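*Asks:* Generate a structure from the sequence data that follows.
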Amino acid sequence: MAAGKLSIGYVLSLAVADSVFMGGAMVTDPYGLPLEFRYTEPVRATRLQRVLYGDVLEKYIHGDVIVANLVGRLEQKPDIVLVSDPTLLPVLETAGRQAAALSPGRVPPLKDYGAQQEVAEGDFFLQLTDSGSPVRVRLAPGGAADAARKDEAARILTEIGRTMDALEPLVRVEAAVRMLWDEAPEAPPA
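*Replies:* Residues are numbered from 1 along each chain as shown. Below is the predicted model:
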């Protein structure tokens, strides 16, 4: 698939206040230009939910309530969905989406553009610039097609890395969600 035909999804879920969560999803073209943006209204966890769900409440809200809902509502069907939080990967894989968690690599540059260095199963560094640190790519664990998923994720990221910073749109989605919360009628004054 040519880079011009690719679309990339960026999804996140944030705690915007005590027991209040919001999420956002943006689909871009391979140049980082937005094709679609969706967000959730604030999701408030009640005291009873905090007691009943215990330690799994936030994971449930971030994954099943916010991220699964956002991805399911996207009209654009991205070739890959990128997140910053690797705990969201199983939810995206269950939804049938090719997904990867990206983060800055903080290691010396790899030899060539597109070079890979294995960290662990489903976890590798990928050089997406001519100089500078590679990005760290994590895939959801398990599955019979791990090698194929890794190859496909690396191929898509290498293609889009030529025309955009693959990490930067996550910053825009977070800024948009925080702006929406700051402007929400129930948000506390800044």
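
*Asks:* tell me the SS of Pro30?
*Replies:* Secondary structure, DSSP: H, G, I helix; E, B strand; the rest coil: Pro30 is coil.

*Asks:* residues near it, how many?
*Replies:* 21 (other Cβ atoms under 10 Å). Placement of C-beta: from N, CA and C, glycine included.

*Asks:* so how far is Ala166 from it?
*Replies:* Per Cβ to Cβ, to the nearest Å, Pro30 is found 10 Å from Ala166.

*Asks:* Determine the residues that are contacts of both of those two.
*Replies:* When contacts are counted by Cβ atoms under 8 Å, 6 or more residues apart in numbering, Pro30 and Ala166 are jointly contacted by 8, 160.

*Asks:* so what's the residue nearest the centre of the chain up against?
*Replies:* Note on the chain: the residue nearest the mean C-alpha position is Val83, at 1.4 Å, using Cα atoms, centre = their mean. Contacts for Val83 (Cβ under 8 Å, 6+ apart) come out as 10-12, 67, 89, 92, 99-102, 170.

*Asks:* in the chain, which spans are helices?
*Replies:* For the chain, applying DSSP state H gives helices covering 47-53, 57-60, 68-73, 89-94, 146-161, 168-183.

*Asks:* out of the ones you listed, which comes closest to Met22?
*Replies:* Each of these has some distance to Met22 by Cβ to Cβ; the shortest is helix 168-183, at 5.2 Å.

*Asks:* which parts of that closest one are buried?
*Replies:* Using 16 or more other Cβ atoms under 10 Å as the test for burial, helix 168-183 gives 169-170, 172-173, 176-177, 180-181.

*Asks:* Can you pull out the low-pLDDT segments for this protein?
*Replies:* Across the chain, the ranges flagged by pLDDT under 70 are 1-4, 142-145, 187-190.

*Asks:* can you tell me how far the spatially closest residue to Gly9 that is not a sequence neighbour sits from Val11?
*Replies:* Leaving aside its chain neighbours, Gly9 sits nearest to Pro78 (3.4 Å; criterion: Cβ to Cβ, 6 or more residues apart in numbering). Separation of Pro78 from Val11 (Cβ to Cβ) stands at 9 Å.

*Asks:* Compare neighbour counts for those two and give me the winner.
*Replies:* Using other Cβ under 10 Å as the criterion, Pro78 and Val11 rank with Val11 on top: 29 against 24.

*Asks:* Next up, the contacts around the most far-flung residue of the chain relative to its centre.
*Replies:* What lies farthest from the middle of the chain is Leu48; by Cα atoms, centre = their mean that is 29.7 Å. Contact partners of Leu48, counting by Cβ under 8 Å, 6+ apart, are absent.

*Asks:* Would you mind measuring from it to Pro134?
*Replies:* Leu48 is 45 Å from Pro134, by Cβ to Cβ.

*Asks:* again with Asp79
*Replies:* Asp79 is 21 Å from Pro134, by Cβ to Cβ.
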